[in-house]
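Here is my input, please return the structure:
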Amino acid sequence: MSRRDPEGHRAAILAAAREAFGERGYSGTTLREIARRAGVTHGLITQQFASKERLFLAAVPGNSDLASVAVGDPETLPERLAQGFVQRMEAGATTDPLIILIRSAASDERTAASLLAAMQEHSIDVYGSVLRGLPVDDLDARVTLVGAQMIGVAFVRHIARTEPLASMPPEQLTTHLARILRSILFG
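Below is the predicted model of the structure:
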């Protein structure tokens, strides 16, 4: 990678960040470690991402994929969210931002609260763009409840591994989750 390859550097930083956050969690990962893995300077990371929190949100799947999942007919938003969430978790729960957030909450409540607030802010913006114009009041509260539901499912299925969610077929989980999300968003 050449010194003047900003896209190459960005891709290397994001790949190194995904790997490090997945292995060490949010609290256990430093920008210096990510810089070392990416072969760049610490300063380049802060120049491109401003903070560890912003790098985390850009690097991990889920938060950055939300806009592509949410776009479409507002009426089918709950089904798209449920399907996207279940597919994402089934494909790589260990590096998912919700799993990292849940695990970091036990050791660093302030950091977890900060990450959750940033994720909620992003979700409110994305859902708001899809739901604008519909008779949905208290959008902020509804989006927070959607996040709480997904955190609960992630914890029970992928961390505590409690039945019946732990072994429920993904299609069945998607159906149940879509029904609950529909009630939260439109009920």
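
Helix, strand, or coil at the nearest residue to Arg182 once chain neighbours are set aside?
Once flanking residues are discounted, Arg182 sits nearest to Pro78: 4.0 Å by Cβ to Cβ, 6 or more residues apart in numbering. For every residue, glycine as well, the C-beta is placed using N, CA and C. With DSSP: H, G, I helix; E, B strand; the rest coil as the basis, the three-state label of Pro78 is helix.

Show me which residues of the host helix or strand of Met89 are buried.
Assessed by DSSP states H and E, Met89 sits inside helix 77-92. Within helix 77-92, the residues scored as buried using 16 or more other Cβ atoms under 10 Å are 77-86, 88-89.

next one: stretch 171-179
Using 16+ other Cβ under 10 Å as the test for burial, stretch 171-179 gives 173-174, 177-178.

Tell me how far the residue nearest to Arg182 lies from Met89.
Distance of Pro78 to Met89, given as Cβ to Cβ, to the nearest Å: 16 Å.

Mind giving me the packing neighbours of the helix or strand bottoming out on mean pLDDT in the chain?
Taking mean pLDDT, DSSP states H and E as the measure, the chain has helix 97-107 as its least confident helix or strand, at a mean of 73. Packed against helix 97-107 by the contact rule (3 or more Cβ pairs under 8 Å, 6 or more residues apart in numbering; DSSP states H and E) you find helix 52-59, helix 109-131, helix 139-154.

Could you export the longest one as CSV, keeping only the C-alpha atoms?
Looking back up the chat, that one is helix 109-131. Below are the C-alpha coordinates for helix 109-131, written out as CSV (Å, rounded to 0.1, in the frame of the first residue of the first chain):
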residue,chain,number,x,y,z
GLU,A,109,-20.7,0.6,31.9
ARG,A,110,-19.8,4.2,30.7
THR,A,111,-18.2,3.0,27.5
ALA,A,112,-21.2,0.7,26.8
ALA,A,113,-23.6,3.5,27.4
SER,A,114,-21.7,5.8,25.1
LEU,A,115,-21.6,3.2,22.3
LEU,A,116,-25.3,2.4,22.8
ALA,A,117,-26.2,6.1,22.6
ALA,A,118,-24.3,6.4,19.3
MET,A,119,-25.9,3.3,17.9
GLN,A,120,-29.4,4.6,18.9
GLU,A,121,-28.8,8.0,17.4
HIS,A,122,-27.8,6.3,14.1
SER,A,123,-30.8,4.0,14.3
ILE,A,124,-33.2,6.9,15.0
ASP,A,125,-31.8,8.8,11.9
VAL,A,126,-32.2,5.7,9.7
TYR,A,127,-35.6,4.7,10.9
GLY,A,128,-36.8,8.3,10.8
SER,A,129,-35.9,8.6,7.2
VAL,A,130,-38.0,5.5,6.4
LEU,A,131,-40.9,6.3,8.7
